[in-house]
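Undergrad: coords below, sequence missing:
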Ligand SMILES: Nc1ncnc2c1ncn2[C@@H]1O[C@H](COP(=O)(O)OP(=O)(O)OP(=O)(O)O)[C@@H](O)[C@H]1O
């Protein structure tokens with residue numbers, strides 16, 4: 001078997017508490033990401049998804065620490081890597097995007113300056129002209145039409161969707177093999193959300209970039225994931241391919257999450273739903289066709305069947 005891109009083994013993350021006892025927020029978590037794969041981590045708020053990804057990136061704050069386990073990226077344990085080496089990994093080999101791009105963009109700097117900075121850190125040999133060209137090229141890669149003009153703007157002059165595209169441009173600037181996307185579409189409206197998902201899928205296909213996609217939204221999982229981890233209270237309760245998860249969920253928590261998701265597949269199975277949930281389902285069935293994200297899933301399933 002080929003070596004995975006990322007292997008997380010028995011990861012434990014703890015925070016100190018006032019009474020000096022440690023609070024465990026990620027508990028004995030093990031999983032891997034293969035090259036070119038999209039792995040979704042799904043679970044309710046507080047289940048430990050973000051803490052897992054921040055631990056991978058070495059970005060835990062507020063006293064949070066990896067207290068046990070290992071994180072191996074392309075054969076190297078990131079937890080024991082010297083600081084200088086570790087810094088080289090972030091941004092160059094793996095990158096992260098967040099729900100709110102404004103928290104990562106500097107409001108005082110033009111978009112071109114911010115993208116150029118990332119390029120310069122990892123490629124000091126590039127000339128000014130080469131960097132300028134690469135900035136525009138990156139904006140085009142994230143499907144920004146008027147790339148030259150956008151490069152000259154400040155973050156507040158862009159819409160939320162455009163800012164997320166800029167963040168993706170910064171993340172992919174040095175062609176990382178792994179992108180960690182923490183709820184990158186949650187703050188966006190449905191249409192823009194779909195465009196960003198489709199962009200990430202394209203980048204995954206074209207560049208073979210592995211993606212860890214963190215979300216609480218199962219319709220996003222159905223749309224984008226190859227494999228899924230379900231997290232609850234800091235632990236992984238289920239791991240499956242996307243098709244297995246939706247067709248044959250094993251853990252009661254996964255089943256509960258799926259039941260809370262209005263889908264066409266579940267249209268005929270409403271016996272376990274509360275009256276208000278059935279009402280929501282009725283409303284959903286009246287919703288425009290394109291809002292029914294499960295149709296993507298049905299299409300994906302058909303395509304996978306055709307391929308095999
Ligand atoms: N500074 C901190 N000190 C102690 N506990 C913390 C701290 N920051 C986060 N936590 C706890 O860690 C747990 C996991 O949080 P995490 O952000 O990983 O959840 P999540 O699944 O990503 O949820 P969300 O979708 O809301 O971001 C939560 O119970 C949270 O309260």
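TA: Received it, and whenever you're ready, just let me know what you need. Please read these numbers as outputs of a predicted model, since none were measured by experiment.
Undergrad: from now on I want contacts and neighbour counts done on CA atoms only, so please keep to that.
TA: Noted.
Undergrad: tell me where the stretch 201-308 of the chain is predicted with low confidence.
TA: In the predicted model of the stretch 201-308 of the chain, residues 262-297 satisfy pLDDT under 70.
Undergrad: what ranges do the strands span in it?
TA: Under the criterion DSSP state E, counting those that start in this stretch, the stretch 201-308 of the chain contains strands at 210-215, 227-232, 235-241.
Undergrad: same question, the stretch 1-150 of the chain
TA: 6-16, 22-33, 38-42, 65-73, 76-77, 94-97.
Undergrad: okay, those, which one's buried deepest?
TA: strand 38-42 (a mean of 27; mean count of other C-alpha atoms under 10 Å).
Undergrad: what helices or strands is that strand leaning on?
TA: Here strand 38-42 is seen to pack against strand 210-215, helix 218-224, strand 227-232 when contacts are counted using 3 or more C-alpha pairs under 8 Å, 6 or more residues apart in numbering; DSSP states H and E.
Undergrad: including distance to residue 147 and mean pLDDT, could the strands of the stretch 1-150 of the chain go into JSON lines?
TA: Output for these, formatted as JSON lines (distance: least, C-alpha to C-alpha, whole Å; pLDDT from 0 to 100):
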{"stretch": "strand 6-16", "distance to residue 147": "33", "mean pLDDT": "97"}
{"stretch": "strand 22-33", "distance to residue 147": "33", "mean pLDDT": "96"}
{"stretch": "strand 38-42", "distance to residue 147": "28", "mean pLDDT": "97"}
{"stretch": "strand 65-73", "distance to residue 147": "33", "mean pLDDT": "97"}
{"stretch": "strand 76-77", "distance to residue 147": "37", "mean pLDDT": "94"}
{"stretch": "strand 94-97", "distance to residue 147": "20", "mean pLDDT": "94"}
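Undergrad: adding distance to residue 52 as columns, could you present these in JSON lines?
TA: As requested, these are arranged in JSON lines below (distance: least, C-alpha to C-alpha, whole Å):
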{"stretch": "strand 6-16", "distance to residue 52": "8"}
{"stretch": "strand 22-33", "distance to residue 52": "7"}
{"stretch": "strand 38-42", "distance to residue 52": "10"}
{"stretch": "strand 65-73", "distance to residue 52": "10"}
{"stretch": "strand 76-77", "distance to residue 52": "15"}
{"stretch": "strand 94-97", "distance to residue 52": "12"}
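Undergrad: what does the chain put close to the ligand?
TA: Neighbours of the ligand within the chain, by C-alpha under 6 Å from any ligand atom: 15, 25, 44, 45, 46, 47, 48, 49, 50, 51, 62.
Undergrad: most neighbours among those residues, please name it.
TA: residue 49 (30 neighbours; other C-alpha atoms under 10 Å).
Undergrad: I'd say that one and residue 41 touch.
TA: Yes - using C-alpha atoms under 8 Å, residue 49 is in contact with residue 41, at 6.6 Å.
Undergrad: so who does residue 11 touch?
TA: Residues in contact with residue 11, defined by C-alpha atoms under 8 Å, 6 or more residues apart in numbering, are 26, 27, 28, 29, 30, 66, 67, 68, 69, 70, 71.
Undergrad: which one of those residues is nearest to the ligand?
TA: Within these, proximity to the ligand (C-alpha to the nearest ligand atom) peaks at residue 26, which comes in at 7.1 Å.
Undergrad: can you tell me the closest non-neighbouring residue to that closest one?
TA: Distances taken as C-alpha to C-alpha, 6 or more residues apart in numbering put residue 234 closest to residue 26, at 4.2 Å, once the chain neighbours are dropped.
Undergrad: ok, back up a step: need the overlap of contacts for residue 49 and residue 41.
TA: Shared contacts of residue 49 and residue 41 (C-alpha under 8 Å, 6+ apart): 214, 231.
Undergrad: sorry, back to before: the residue nearest to residue 26 and residue 47 touch, don't they?
TA: Yes - Residue 234 lies in contact with residue 47 (C-alpha under 8 Å); the separation is 5.1 Å.
Undergrad: intersection of neighbour lists for the two?
TA: Common neighbours of residue 234 and residue 47, using C-alpha under 8 Å, 6+ apart, are residue 25.
Undergrad: helices of the stretch 1-150 of the chain, start to end?
TA: 49-57, 83-89, 111-122, 128-141, 147-151 (DSSP state H, counting those that start in this stretch).
Undergrad: for residue 258, which of these is the nearest?
TA: Proximity to residue 258 (C-alpha to C-alpha) singles out helix 49-57 among these, at 17.9 Å.
Undergrad: which helices and strands does that closest one pack with?
TA: Judged by 3+ C-alpha pairs under 8 Å, 6+ apart, the packing partners of helix 49-57 are strand 6-16, strand 22-33, strand 65-73, strand 94-97, strand 178-182.
Undergrad: many thanks, have a good one.
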